[in-house]
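Chemist: Okay, predicted coordinates and the sequence, questions at the end:
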Amino acid sequence: MKIIKTGSTRLVILTDKYAIKIPRCCIKSDNSFYGKTIGFLEGWLANRYEYKWYKSEIFDFLCPIEYSFLFSMVIIMKKAEPISYDEFFELKQYNFAYEHKVDSYGKINNKVYIIDYGN
Ligand SMILES: Nc1ncnc2c1ncn2[C@@H]1O[C@H](COP(=O)(O)OP(=O)(O)O)[C@@H](O)[C@H]1O
Ligand SMILES: [Mg+2]
């Protein structure tokens, strides 16, 4: 198990098969009550949007979400493996609003998915 705290709005717990995403409430730059609350809400919204987009079934390149709890305060996504820079440079950008950077992507069974799409 691994805990990733470097995401912009969420804390991610990686298990063997899953990535569990929950809102972060301690954004380093602003530790006030207001900052924490906004940070938490941003993380929650990102989870909501991810779940909404995944459930819409419009796109086949969004990393699958298996479960959503507490109005998406907690979402459980399939774990994807990081892609290399070589793979990244060969990628064609998907037609979706997201940040085209190497850690927005992950691979499952050799298919590349977007893993950070909560816009
Ligand atoms: N499905 C996933 N599989 C593997 N790692 C993931 C997955 N989702 C997120 N991560 C890891 O957690 C980090 C933060 O997740 P991310 O979705 O980017 O959250 P944030 O929106 O807060 O930036 C990612 O950069 C990646 O390292
Ligand atoms: Mg991110």
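Modeler: Received the coordinates, thanks. Residues are numbered from 1 along each chain as shown. Ligands and ions are numbered 1, 2, ... in the order given.
Chemist: Residue 52 and ligand 2, how far apart?
Modeler: Using Cβ to the ion, to the nearest Å, one gets 17 Å for the distance from residue 52 to ligand 2. (C-beta placed from N, C-alpha, C; glycine too.)
Chemist: if I look at that residue, how far off is residue 65?
Modeler: 10 Å (Cβ to Cβ, to the nearest Å).
Chemist: more crowded one of these two?
Modeler: residue 65 (21 against 13; other Cβ atoms under 10 Å).
Chemist: Contact partners for that one?
Modeler: 50-51, 54-55, 75-78 (Cβ atoms under 8 Å, 6 or more residues apart in numbering).
Chemist: Same check on residue 21?
Modeler: Applying Cβ under 8 Å, 6+ apart, the residues contacting residue 21 are 7, 10-12, 43, 46-47, 50, 74-77.
Chemist: can you rerun that using 10 Å?
Modeler: Going by Cβ atoms under 10 Å, 6 or more residues apart in numbering, residue 21 touches 4, 7, 9-13, 43, 46-47, 50-51, 65, 68, 72-77, 115-116, 118.
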